[in-house]
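for reference, the sequence and a predicted model appear below.
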Amino acid sequence: MSSAAPAAAGGPVWDLAFLRAGLLATLPVAAVGALVVGVVLGWAAAVSVLVGAAVVTGFFCVSGAVIAWAGRVGDAFTLPAALGTFVLKVAVIAAVFQSLPTDGWLDLAVLAWTVIAGALLWSVVQGRWVWTRQLYYVTPPAPPAAAAEERTATAQPPATGPAADPETRTTRG
């Protein structure tokens with residue numbers, strides 16, 4: 001989750017750009033899944049797909065925000081923040097799902113499978129996002145400035161006369 005750009009303090013910049021990739025993958029999959037499930041199992045099941053997709057999206061967005069915040073505070077806080085957030089979210093989601101009535105307006109089996117599928121989708125998208133980024137162990141050095149190039153170009157006097165002509169008597173033939 002860290003970017004390669006150096007921060008003002010010299011450390012890595014913690015960004016949430018991977019959330020966009022997850023959202024862009026979740027939206028069409030959830031829409032198509034809700035439509036297909038709605039036609040096959042009924043519209044209560046379609047709503048369950050949408051609720052499950054929203055739960056998983058919220059799960060990953062909260063995790064990303066907390067870990068990015070912890071990374072800005074200090075790298076040593078990221079693991080405890082990630083684990084603590086995970087345990088807290090699982091406890092809250094378990095309590096909420098346990099309190100849902102079995103014969104309510106949500107199809108709990110569809111909701112459960114949607115949460116499982118959504119978590120797998122988000123994990124794959126997040127993994128792909130990380131694997132396709134250049135993440136450095138240490139911050140790479142800055143590229144040479146254009147000023148340094150100008151200094152070397154102006155250090156040599158411009159060539160004039162026969163020396164400036166690439167076509168000399170020996171190459172004209």
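Right, received. Where do you want to start? Numbering: from 1, shown residues only.

tell me the SS of the closest residue to residue 66 other than its chain neighbours?
What sits nearest to residue 66 in space, not counting adjacent residues and going by C-beta to C-beta, 6 or more residues apart in numbering, is residue 85, at 4.6 Å. (C-beta placed from N, C-alpha, C; glycine too.) Secondary structure for residue 85, judged by DSSP: H, G, I helix; E, B strand; the rest coil, is helix.

distance check, residue 85 against residue 97.
18 Å (C-beta to C-beta, to the nearest Å).

do the same with residue 26
Distance, residue 26 to residue 97, by C-beta to C-beta: 19 Å.

try residue 114
12 Å.

please say which of these two ends up with more neighbours.
The neighbour comparison of residue 114 against residue 97 (other C-beta atoms under 10 Å) goes to residue 114, with 25 against 14.

mind checking pLDDT for the more buried one?
For residue 114, the model assigns a pLDDT of 95.

give the contact list for it.
For residue 114, the residues meeting the contact criterion (C-beta atoms under 8 Å, 6 or more residues apart in numbering) are 33, 48-49, 51-53, 56.

what helix or strand does it sit in?
helix 108-131 (DSSP states H and E).

quick one: low-confidence ranges for the chain?
1-13, 135, 146-173 (pLDDT under 70).

can you pull up the most central residue in it?
The chain has residue 18 as the residue nearest its centroid, 1.2 Å off, counting by C-alpha atoms, centre = their mean.

quick one on the thing from earlier: wait, doesn't the residue nearest to residue 66 sit right on residue 63?
Yes: taking C-beta atoms under 8 Å as the definition, residue 85 is a contact partner of residue 63 at 5.5 Å.

thinking again about what came up before, residues in contact with the residue nearest to the centre of the chain?
1, 64, 125-126, 129-130.

backbone torsions only: list them for it.
The phi and psi values for residue 18, taken as degrees, to the nearest 10, are phi -70, psi -20.

how near is it to residue 35?
Distance, residue 18 to residue 35, using C-beta to C-beta: 27 Å.

what about residue 55, neighbour count?
A total of 18 residues lie near residue 55 under the criterion other C-beta under 10 Å.

what about it, which helix or strand?
Taking DSSP H and E as the criterion, residue 55 maps to helix 43-73.

packing partners of that helix?
The contact analysis (3 or more C-beta pairs under 8 Å, 6 or more residues apart in numbering; DSSP states H and E) places helix 43-73 against strand 12-14, helix 17-41, helix 78-99, helix 108-131.

angle of it against helix 78-99?
Inter-element angle recorded for helix 43-73 and helix 78-99: 160 degrees (by axes from the mean of the first three to the mean of the last three C-alpha atoms, to 10 degrees).
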